[in-house]
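K.L.:
Sequence first, then the predicted structure:
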There are 2 protein chains.
Amino acid sequence: MNGKWKILILKELIRGPVRFGLLNKAIPLISSKVLTQQLKELEKDGLIIRTVYAEVPARVEYNLSEMGTSMLAILTEMRKWGLHNDSLHPVKCSYCQQCEPLNKA
Amino acid sequence: MNGKWKILILKELIRGPVRFGLLNKAIPLISSKVLTQQLKELEKDGLIIRTVYAEVPARVEYNLSEMGTSMLAILTEMRKWGLHNDSLHPVKCSYCQQCEPLNKA
DNA sequence: CTGTATCCTAGCCGATACTG
DNA sequence: CAGTATCGGCTAGGATACAG
């Protein structure tokens, strides 16, 4: 699981299905090229699921797979341990906003 | 916490103080240069403690710090999740050997 | 035994432009 | 909207030799 942005991506996906463009907005510093790359790798690793809707304009949504969801336990442990990986992140992800009270404790 | 071998190193240190050479034997595919590098970073991050004994020949031992020990929770979660990082590892580390029964369950 | 010092390479990552 | 294509820089990590 290398990949500079993967943990951030997974954290964004916690709130549910997210479209490509929204992901890119949520993580502005990532280029679409790299975002695509890392999403593909996450999909190949079985962590996320890619769903294409036959619409115009195109619409693609990404979900956590069951395996990806089960990885939340790791993220939770990391959070307890103080590892937030937010140094890279210009804006707070929804996950972190939710967990803020926990951080303070 | 980037570093290809760091999780492996931490897992080796679970069993207690380990010398440089033993670490290098336990993880044969790592070069001493990279091992040194990653150990230094782990030390700087406060995860491990380096102890030098004024002996000849030189003897250096590495321990998990309290912070490093607290990281075991993450490793445990990773284990549950199936992430062993053993694809890289030619031989089973002591941690994995101990946890084998758990793996089967 | 425990590292350094060099040199070198693969591949990650960023920027930009372009496509169905 | 959701990506590809292309180019290019940087650096983590590998090989090897050497040092205290």
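P.N.:
Structure's in. What do you need?
K.L.:
And the average pLDDT for the longest helix along chain A is what?
P.N.:
With DSSP state H setting the assignment, residue counts place helix A:32-44 as the longest helix in chain A. Average pLDDT, helix A:32-44: 96.
K.L.:
Next, the angle from the following helix or strand past it to helix A:32-44.
P.N.:
Using DSSP states H and E, the helix or strand that follows helix A:32-44 towards the C-terminus is strand A:48-53. Between strand A:48-53 and helix A:32-44, the angle comes out at 110 degrees (axes from the mean of the first three to the mean of the last three Cα atoms, to 10 degrees).
K.L.:
With only the CA atoms kept, save strand A:48-53 in PDB.
P.N.:
Provided in PDB are the C-alpha atoms of strand A:48-53 (Å, rounded to 0.1, in the frame of the first residue of the first chain):
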ATOM      1  CA  ILE A  48     -12.700   0.200  -3.400                       C
ATOM      2  CA  ILE A  49     -15.300  -0.400  -6.100                       C
ATOM      3  CA  ARG A  50     -15.700   1.600  -9.200                       C
ATOM      4  CA  THR A  51     -19.200   2.000 -10.700                       C
ATOM      5  CA  VAL A  52     -19.800   3.600 -14.100                       C
ATOM      6  CA  TYR A  53     -23.200   5.000 -14.900                       C
END
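K.L.:
partners of the next helix or strand after it, with directions?
P.N.:
As assigned by DSSP H and E, the chain's next helix or strand after strand A:48-53 is strand A:59-64. Counting by DSSP bridges, the strands paired with strand A:59-64 are strand A:18-19 (antiparallel), strand A:48-53 (antiparallel).
K.L.:
Quick one: neighbours of the residue of chain A found nearest DNA strand D, just the number.
P.N.:
When scored by Cβ to the nearest atom of the strand, chain A has residue A:21 as its residue closest to DNA strand D, at 2.7 Å. The C-beta positions use only the backbone N, C-alpha and C, and glycine is treated the same way. By the criterion of other Cβ atoms under 10 Å in any protein chain shown, residue A:21 has 13 neighbours.
K.L.:
now residue A:58, nearest residue through space, not along the chain?
P.N.:
Leaving aside its chain neighbours, residue A:58 sits nearest to residue A:52 (7.4 Å; criterion: Cβ to Cβ, 6 or more residues apart in numbering or on different chains).
K.L.:
What of residue A:64?
P.N.:
residue A:13 (4.8 Å).
K.L.:
ok so, going back, for the helix or strand hosting the residue of chain A closest to DNA strand D, packing partners?
P.N.:
Following DSSP H and E, one finds residue A:21 within helix A:20-26. Judged by 3 or more Cβ pairs under 8 Å, 6 or more residues apart in numbering or on different chains; DSSP states H and E, helix A:20-26 is in contact with helix A:6-13, helix A:32-44, strand A:59-64.
K.L.:
pLDDT below threshold where in chain A?
P.N.:
For chain A, the stretches flagged by pLDDT under 70 are A:1, A:81-105.
K.L.:
tell me which parts of it are close to DNA strand D?
P.N.:
Proximity of chain A to DNA strand D, by Cβ under 7 Å from any atom of the strand, involves residues A:19-22, A:32-33, A:36, A:39-40, A:50, A:57-60.
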